[in-house]
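Undergrad: Need a 3D model of the sequence below.
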Amino acid sequence: MSDRELRVSKIRNGTVIDHVTGGQALNVLSILGIDGSEGLGVSVVMNVPSDRLGRKDVVKVEDRELSQSEVDVISLIAPEASINIIRDFEVVQKNRVDRPESVVGLLSCPNRNCITNESEPVETDFTVVDEGVRCTYCGTIIRDSLADHIDPE
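TA: Model prediction:
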């Protein structure tokens, strides 16, 4: 295969998440709640050469555009990622991710005693810190895979 040959075909409509940190593509799919059962066309390329990152992953999701909260969480595990919106086989929008100051309502707190895990109507709120994300309510820090803490609701 030559360097100019496509490894994965173009998509008609959807989102391409490029420059994902090598080895993080499956976590990106988890953040997006994609496990294959939803019927979306998904392409994943992992650990391919990248001038900028050394090694990168690429995730293509057909017929889906990402919410800002999904992009915010992706930025925490892939700070160099770019989000490309594709319509009719053309890139109509290309944005680099920005690391947010906080992530609201998307992650669940691992502290069972946190008020967000009780029957109170409190939405989760995490502040982004160097070592991960910190729950605004109880102070618990998530350092491991954020994909494991995606709130399923």
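Undergrad: pLDDT averaged over stretch 22-41 - what is it?
TA: Across stretch 22-41, pLDDT averages out at 88.
Undergrad: Would you mind measuring the gap between the ends of that stretch?
TA: 21 Å (Cα to Cα, to the nearest Å).
Undergrad: Show me which positions of it end up buried.
TA: Residues of stretch 22-41 classed as buried: 22, 24, 25, 27, 28, 29, 30, 31, 32, 34 (neighbour count, 16 or more other Cβ atoms under 10 Å). No exception for glycine: its C-beta is placed from N, CA and C like everyone else's.
Undergrad: What of stretch 64-78?
TA: Those would be 64, 66, 70, 71, 72, 73, 74, 75, 76, 77, 78, for stretch 64-78 by 16+ other Cβ under 10 Å.
Undergrad: low-confidence ranges in this structure?
TA: By pLDDT under 70, the weakly predicted segments of the chain are 1-7, 152-153.
Undergrad: Strands along that one, start to end?
TA: 14-21, 42-50, 54-62, 82-87, 90-96, 102-104, 125-129, 132-135, 141-142 (DSSP state E).
Undergrad: so who does the nearest residue to residue 133 once chain neighbours are set aside touch?
TA: In space, and not counting its chain neighbours, residue 133 is closest to residue 126: 3.9 Å by Cβ to Cβ, 6 or more residues apart in numbering. Shown in contact with residue 126 (Cβ atoms under 8 Å, 6 or more residues apart in numbering): 102, 103, 104, 107, 109, 133, 134, 135, 136, 142.
Undergrad: beta partners of the fourth one?
TA: If I follow you right, that is residue 107. residue 150 (DSSP bridges).
Undergrad: ok, and which of the strands of the chain has the densest surroundings?
TA: strand 14-21 (a mean of 21; mean count of other Cβ atoms under 10 Å).
Undergrad: contact partners of that strand?
TA: With Cβ under 8 Å, 6+ apart, strand 14-21 has contacts from 28, 40-41, 50, 52-53, 56-66, 74, 77-86, 91.
Undergrad: I'd say residue 129 and residue 140 touch.
TA: No - contact criterion Cβ atoms under 8 Å: residue 129 and residue 140 do not qualify, at 11.6 Å.
Undergrad: Which two among the buried residues of stretch 64-78 are spaced furthest apart?
TA: The widest separation within these, taken as Cβ to Cβ, falls between 64 and 76 and amounts to 20.1 Å.
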